[in-house]
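Colleague: coordinates only, sequence not included:
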């Protein structure tokens, strides 16, 4: 699971989660955690709206779905959107070695910081991910800013 | 809620959570989120063992329990233990302005980084918090290292 094709295949799993979230009335960000051999360990999506749970970002939902693990060596987190500080902190704390990112144009999170600390970053600049978030932010800015704690933005 | 007495009162809430977690067979770390007027918004504890949920750290549990909020201006997160990167990222992303920490001797997380980014840090060096974690780590090192993703430590 190292090439561009494999990264794209992983992103497709995250993107399906994001689209499912949108269909539920939620914030369309999805993620998945893959093991060293490319096996899917867990997948999830932002569930702020669906569950009334502000702690359920895409990445934390995927991490949670993977259950308890003894370690994260060789794992890859794929996410439709650049990880916020909360999700970047998750990646750093648990030693997830690789993050595949759909897009970082609508939101630039902590992935440069992760790279500085040895995490491999693959930024795909995926147009579907970009269109999805651009359209969502335009339609529901108050929900998006709530999700990243930007009270001052509105 | 700005003085040492108030910080100690807030810590007592987190410490009760930590002790409840220990009694359940869990990792004894507790936290609580307080509003600008000192009102309790949410409290919680590490639930890795209880719920099989690796995403449920003390701080994230308290944040979750507080539910959806439009912003975190003026809030204080109190935690029995220095916040790991995951929980530090939560604090930074959501703009929680003040973190009260029971102890940072058994584990030194990301609170210096938070201070560099403008978060007020109150470190209480509380002996009860220290004893609780020291004894727990001695008794259950594998569980503790799992909780912070330190696969190499065992």
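Modeller: Perfect, I can see it now. None of these values were measured; they are calculated from a predicted model.
Colleague: what about the closest residue to chain B within chain A, neighbour count?
Modeller: Residue nearest to chain B within chain A: residue A:89 (2.4 Å; Cβ to the nearest Cβ). Where C-beta positions appear, they are placed from N, C-alpha and C, glycine not excepted. By the criterion of other Cβ atoms under 10 Å in any protein chain shown, residue A:89 has 28 neighbours.
Colleague: how about the nearest residue to it, chain neighbours excluded?
Modeller: Nearest residue to residue A:89, sequence neighbours excluded (Cβ to Cβ, 6 or more residues apart in numbering or on different chains): residue B:89, at 2.4 Å.
Colleague: correct me, but the one you found touches residue A:94?
Modeller: No. Counting by Cβ atoms under 8 Å, residue B:89 does not reach residue A:94; the two are 11.7 Å apart.
Colleague: Give me the neighbour count for residue A:149.
Modeller: Residue A:149 has 24 neighbours, counted by other Cβ under 10 Å.
Colleague: Please disregard the earlier target; I meant residue A:98.
Modeller: 21.
Colleague: for it, what are its contacts?
Modeller: Going by Cβ atoms under 8 Å, 6 or more residues apart in numbering or on different chains, residue A:98 touches A:75-77, A:119-122.
Colleague: please redo it, this time with the cut-off set to 6 Å
Modeller: A:76, A:120 (Cβ atoms under 6 Å, 6 or more residues apart in numbering or on different chains).
Colleague: Next: residue A:63.
Modeller: By Cβ under 6 Å, 6+ apart, residue A:63 lies in contact with residue B:55.
Colleague: Figure out the helix or strand that residue A:129 lives in.
Modeller: According to DSSP states H and E, residue A:129 maps onto helix A:127-139.
Colleague: And that helix, what's buried?
Modeller: Using 16 or more other Cβ atoms under 10 Å in any protein chain shown as the test for burial, helix A:127-139 gives A:129-130, A:132-133, A:136-137.
Colleague: How about the contacts made by the closest residue to residue A:21 other than its chain neighbours?
Modeller: Spatial nearest neighbour of residue A:21, chain neighbours left out: residue A:45 (4.0 Å); criterion: Cβ to Cβ, 6+ apart. Contact analysis of residue A:45 by Cβ under 6 Å, 6+ apart lists A:17, A:21, A:30, A:58, A:61.
Colleague: Mind doing that once more with 8 Å?
Modeller: Contacts of residue A:45 by Cβ under 8 Å, 6+ apart are A:17-18, A:20-21, A:26, A:28-31, A:58, A:61.
Colleague: Please produce TSV containing the residues you listed, extended by pLDDT.
Modeller: Listed next are those as TSV, based on pLDDT from 0 to 100:
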residue	pLDDT
A:17	98
A:18	98
A:20	98
A:21	98
A:26	98
A:28	98
A:29	98
A:30	98
A:31	98
A:58	98
A:61	98
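Colleague: Any chance of JSON lines for the buried residues of helix A:127-139, columns distance to residue B:107 and pLDDT?
Modeller: Shown next, in JSON lines, are the buried residues of helix A:127-139 (distance: Cβ to Cβ, whole Å; pLDDT from 0 to 100):
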{"residue": "A:129", "distance to residue B:107": "36", "pLDDT": "98"}
{"residue": "A:130", "distance to residue B:107": "39", "pLDDT": "98"}
{"residue": "A:132", "distance to residue B:107": "38", "pLDDT": "98"}
{"residue": "A:133", "distance to residue B:107": "35", "pLDDT": "98"}
{"residue": "A:136", "distance to residue B:107": "38", "pLDDT": "98"}
{"residue": "A:137", "distance to residue B:107": "37", "pLDDT": "97"}
